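In: okay, sequence plus prediction incoming.
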Amino acid sequence: MAGPKIRREAKERGTLFGASADEYERIRPGYPDAAVRAVAERASTAAADEAGGEVPADPAGIRVLDVGSGTGKYGRAFAELGFDVHAVDPDSALLEINPLPSAIARAEELPFADASFDLVVSAQAWHWFDAEAASAEFARVLKPGGVAAIVLNQLDVRVDWVLRLSRIMHAGDVYRPQWRPELGAGFGTVEARIDEFSVPMTIDDTVALTATRTYWLRSNDTVRARVEGNLRGYLTEEHPVSEPFDLPYMCLTYMAQKQ
């Protein structure tokens, strides 16, 4: 099943978010612990297999590269588990508030030597990449048997009112659960998991979240005012909510091992 269609200017649009970096960090959701730990355990097991069967006692021995790291929301979760995490992103403004060791770079041209990392992750960024070129780079910088993980948080549009909300927001990031990233011949079978979670929100938060979306960032003030009016009207009249309300999400995680 195909994912969302990505236009040619995706490479340039991947640096749109720096102007609102602080708000992006504040309002975008984090990632469920279970989803993070599943990737961490997969990478640890793979590293153990390559090392002769023993899981490293010190997770600092496992090197992780967070590609399209942004403000580091996903990569920080691995750093908190003790992994040695490094970040790359093309947007210097986002990296300014990313606490991880970082470099300004694109997924298609990673500034690292071959076989440098045990785990390469990318959260909320795969759709900005040239999949073929990025996959080749992921495979190049991974150690033998290393793991790649593609992660996507999206509104749970299986819930009717959330589907309507996503359309008003122009969320634009809806992947079907059957979708799989094309990681190329360098990787084995892609394994998938779904973790459901929710985030407490207010109506003002929902407007702020919308303001971090590509559609909003590329729109003029007239369009933004119309979108905000539609959002507030929907959440106060058509589907009135009591604040705070729980906004349902799905975290889609895809993992594959380097062959």
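Out: Thanks, I have the structure now. Numbers count the residues shown, from 1 in each chain.

In: okay, helices next: where are they in the stretch 51-200 of the chain?
Out: Here the stretch 51-200 of the chain has its helices, by DSSP state H, counting those that start in this stretch, at 73-80, 92-95, 131-141, 160-169.

In: so which elements touch the longest one?
Out: Using 3 or more C-beta pairs under 8 Å, 6 or more residues apart in numbering; DSSP states H and E, the elements in contact with helix 131-141 are strand 63-67, strand 117-123, strand 142-155. Bear in mind the C-beta positions are built from the backbone N, C-alpha and C, glycine included.

In: quick one: it to chain centroid distance?
Out: Offset of helix 131-141 from its chain centre (C-alpha atoms, centre = their mean, to the nearest Å): 17 Å.

In: show me what that helix is in contact with.
Out: For helix 131-141, the external contacting residues (C-beta atoms under 8 Å, 6 or more residues apart in numbering) are 65, 67, 107-110, 112-117, 120, 122, 126, 148, 181-184, 186-187, 258.

In: which among these count as buried?
Out: When these are checked for burial by 16 or more other C-beta atoms under 10 Å, the buried set is 65, 67, 107-108, 110, 112, 116-117, 120, 122, 126, 148, 181, 183-184, 186-187, 258.

In: average model confidence for stretch 175-193?
Out: Across stretch 175-193, the average pLDDT comes to 93.

In: next: stretch 127-135.
Out: 95.

In: for stretch 157-170, buried residues please.
Out: Those would be 157, 162, 165-166, 168-170, for stretch 157-170 by 16+ other C-beta under 10 Å.

In: my guess is D22 meets E96, correct?
Out: No - look at D22 against E96 with C-beta atoms under 8 Å: they stay out of range, at 9.9 Å.

In: low-scoring stretches of the stretch 1-150 of the chain, by residue?
Out: 1-20, 55-57 (pLDDT under 70).

In: isn't R224 up against W216?
Out: Yes - with contact defined as C-beta under 8 Å, R224 reaches W216; the gap is 6.0 Å.

In: the more surrounded of those two?
Out: Legend: neighbour count by other C-beta atoms under 10 Å for R224 and W216, higher for W216 (19 against 16).

In: so the more buried one, which state does it fall into?
Out: helix (DSSP: H, G, I helix; E, B strand; the rest coil).
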